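In: Coordinates for the following, if possible.
(2 chains)
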Amino acid sequence: MDFKSHLLKAQRNKEILLKHLVKILGKCPDWVTIVAFYTALHFVEAFFKKNHGLNFDHHEERHSAMSYLMPEIFPAYYRLYDLGFNSRYKSIKDMPTCDEAESAVRHELSQVEEFVRSRI
Amino acid sequence: MTLQIKEIEKPLRAWSYSIAAYNLTLLKASLSHPFEVFNEKATLWSKIISEKLPWLVKTEKALRVFKERIDRIEGIQALYLNMREAHGRTPSDFIIDIRVMISDSNRNLEYRVYAAFGEFLRTSRPLLFDLHIIKLRGREPEEVVSKEFWRYGWTSNRIF
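Out: Predicted coordinates:
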């Protein structure tokens, strides 16, 4: 995908997140964090494609590149990745809390989006 | 209360020793079956030892530095590791999975762990690692980590 397609995908995910999922955050904090993570992922992919001509098939390679090309937002992005991972693969007890899901949208995703939009 | 300090396991080092030991076994076997061993196996192991062992050593050194950084962060309960194959994705052909245990959600603490991990990734390229924080929420580490993981060393606030 080109960088514009990644941005469109990120924007679409974000709209679904804010218009629908956030309203039922108390019932599904896990799905909120999953969509928040994939929104951030497409923002990050847009940045890599536009500025470095890179795209990644695996998380590990993307994280390695982020560690030196976008260290400013690495912790925020990684928290989204981790919360999304727990939501997708782990038990109910490992599921993100409502506070974590709210933070994912308000802080982590906002940091990632702001960083990317100011650089592409 | 009696405190027992568990011997620190060094699986990566143990693995590199086992490769060396296996190589000696091959050498010994070659005395009775010289052509079979040298033609079919020795080339393979020679390749492994010459190409992969340096990455194994580099991985172990990198992890030791990372663990020192993690140990300085207050609130870390344990660090677990696992090695998985990743052919063609990294010169070492393996990825190390890392699990960091904390008691419960703590955004500030998690950010410190992720920042340390980001720095670790930056300085360990082209090796690949994957980290996840596990919130124990009243459970023991052994209850939540998969069996193939091993506990890496001793952490600041927990003595075995």
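In: Which stretches in the chain count as helices?
Out: I went with chain A, as the question did not name one. Assigned by DSSP state H, the helices in chain A fall at A:3-16, A:29-52, A:59-69, A:74-89, A:98-103, A:110-117.
In: should've been chain B
Out: Under DSSP H, chain B gives helices at B:11-30, B:34-36, B:43-51, B:53-71, B:107-124, B:141-144.
In: and those, which one's lowest on average pLDDT?
Out: With a mean of 51, helix B:34-36 has the lowest mean pLDDT of the helices of chain B.
In: still on that earlier bit, let me have the helices of chain A in CSV, extended by mean pLDDT, mean neighbour count and distance to chain B.
Out: (Each C-beta comes from the backbone N, C-alpha and C, glycine too.) Output for these, formatted as CSV (pLDDT from 0 to 100; neighbours: other Cβ atoms under 10 Å in any protein chain shown; distance: least, Cβ to the nearest Cβ, whole Å):
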stretch, mean pLDDT, mean neighbour count, distance to chain B
helix A:3-16, 98, 17, 21
helix A:29-52, 98, 23, 11
helix A:59-69, 98, 19, 4
helix A:74-89, 97, 22, 4
helix A:98-103, 97, 18, 6
helix A:110-117, 98, 18, 11
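In: Tell me which of those helices sits nearest to B:Val57.
Out: Closest to B:Val57 of the helices of chain A is helix A:59-69 (Cβ to Cβ; 19.6 Å).
In: Could you export stretch A:4-21 as PDB, CA atoms only?
Out: Provided in PDB are the C-alpha atoms of stretch A:4-21 (Å, rounded to 0.1, in the frame of the first residue of the first chain):
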ATOM      1  CA  LYS A   4      -2.100   7.600   1.400                       C
ATOM      2  CA  SER A   5      -3.800   4.300   1.600                       C
ATOM      3  CA  HIS A   6      -2.300   3.700   5.000                       C
ATOM      4  CA  LEU A   7      -3.600   7.100   6.100                       C
ATOM      5  CA  LEU A   8      -7.100   6.400   4.800                       C
ATOM      6  CA  LYS A   9      -7.100   3.100   6.600                       C
ATOM      7  CA  ALA A  10      -5.900   4.700   9.800                       C
ATOM      8  CA  GLN A  11      -8.600   7.400   9.500                       C
ATOM      9  CA  ARG A  12     -11.300   4.900   8.900                       C
ATOM     10  CA  ASN A  13     -10.300   2.800  11.900                       C
ATOM     11  CA  LYS A  14     -10.100   6.000  14.100                       C
ATOM     12  CA  GLU A  15     -13.700   7.000  13.100                       C
ATOM     13  CA  ILE A  16     -15.100   3.600  14.000                       C
ATOM     14  CA  LEU A  17     -13.200   3.800  17.200                       C
ATOM     15  CA  LEU A  18     -14.400   7.200  18.200                       C
ATOM     16  CA  LYS A  19     -18.000   7.100  16.800                       C
ATOM     17  CA  HIS A  20     -18.900   3.600  18.000                       C
ATOM     18  CA  LEU A  21     -16.400   1.700  20.100                       C
END
